[in-house]
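Q: Got a predicted structure plus its sequence, pasted below:
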Amino acid sequence: TRTILLESAYFEPNSIRKSVRHLGITSEASQRFARGADPNGVRYAQDRATELFAKYTNGEVYEGVVDEYPRKIHPVKINLKTDQINTLLGTDLSTQEISDILAKISLNVENGKLIVPTYRPDIQTTADVAEEVARLYGYANIPVPTQTQLPYDNPFNQFDDYVDGIRNILVGLGCQEVITNSMVNSDKWEKLTGQILYPIFNPI
């Protein structure tokens, strides 16, 4: 082989994952594209590969590139929700502190929005942003809460309390409680679900 046509491409991750599941075929390339690659790094990768070919094989590079990029993919913009990030992490960081932390990995904040480069397709939601903040801030620096606050809005049901009281009395008198599957009419069940019921001997 003396003449090589070099191709550098980007494939949409969701399409790759669906194809892998449908065909049952996986490869190193499919795994790489399924995780997400940088669509704006395609031309750079091609130029770099061409440079290496020319350098180490003494090959001659011909001019001319066919670039098919009909719909440019732009960086994702995510609203920086400081309160939500602090709620997820259990921290009390300010917006400026979070911005400074994210700037360490080139995630910049402009007008309250986080600009996510196309080479980070794994960052799509506030939860993803919180994960990056936790990793860079340091898990050891996140305070461990001494109390867990859980919302409780279940209204008191007097009948349930009455039934529980009877249950406790009967158990105290030596009775045993057995909770089995609901008994239903087989004809109605088959009409409702279309499934056939099979009787079980000694179900209890």
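A: Good, I have the coordinates.
Q: Confirm for me that W189 is in contact with Q195.
A: Yes. If you go by Cβ atoms under 8 Å, W189 and Q195 touch, sitting 7.1 Å apart. In short, each C-beta sits where N, CA and C put it, glycine included.
Q: now the helices for this protein?
A: 13-23, 28-35, 42-57, 82-89, 95-103, 126-137, 158-172, 186-193 (DSSP state H).
Q: So which of W189 and Q195 has more stuff around it?
A: W189 (13 against 8; other Cβ atoms under 10 Å).
Q: Nearest spatial neighbour of the more buried one, chain-adjacent residues omitted?
A: Distance criterion Cβ to Cβ, 6 or more residues apart in numbering; nearest residue to W189, sequence neighbours excluded, is L197 at 5.8 Å.
Q: What of L93?
A: N86 (6.0 Å).
Q: and the one you found, how many neighbours?
A: 16.
Q: Sort out which residues of stretch 168-182 are buried, please.
A: For stretch 168-182, the buried set under the neighbour-count rule, 16 or more other Cβ atoms under 10 Å, is empty.
Q: Oh, that last question was meant for stretch 109-120, not what I typed.
A: By 16+ other Cβ under 10 Å, the buried positions in stretch 109-120 come out as V109, L114, I115, V116, P117, T118, R120.
Q: And the furthest pair within the residues you listed?
A: V109 and T118 (17.3 Å; Cβ to Cβ).
Q: surely K113 meets K77?
A: Yes. If you go by Cβ under 8 Å, K113 and K77 touch, sitting 4.5 Å apart.
Q: quick revisit: how near is the residue nearest to W189 to Q124?
A: According to Cβ to Cβ, to the nearest Å, L197 stands 46 Å off from Q124.
Q: got it, and T3?
A: From T3 to Q124 the distance is 42 Å (Cβ to Cβ).
Q: More neighbours: which of those two?
A: In this view T3 and Q124 are compared by other Cβ under 10 Å, and Q124 has more residues nearby, 13 against 7.
Q: Could you pull up phi and psi at the most far-flung residue of the chain relative to its centre?
A: Seen from the C-alpha centroid of the chain, the residue lying at the greatest distance (Cα atoms, centre = their mean) is L173, 52.2 Å away. Backbone torsions of L173, given as degrees, to the nearest 10, read phi -90, psi 0.
Q: Against I166, how distant is it?
A: Distance, L173 to I166, using Cβ to Cβ: 11 Å.
Q: So for stretch 182-195, first residue to last residue, what's the gap.
A: Terminal residues of stretch 182-195 are spaced 16 Å apart (Cα to Cα, to the nearest Å).
Q: Not counting its own residues, what contacts that stretch?
A: Contact with stretch 182-195 is made by I196, L197, as judged by Cβ atoms under 8 Å, 6 or more residues apart in numbering.
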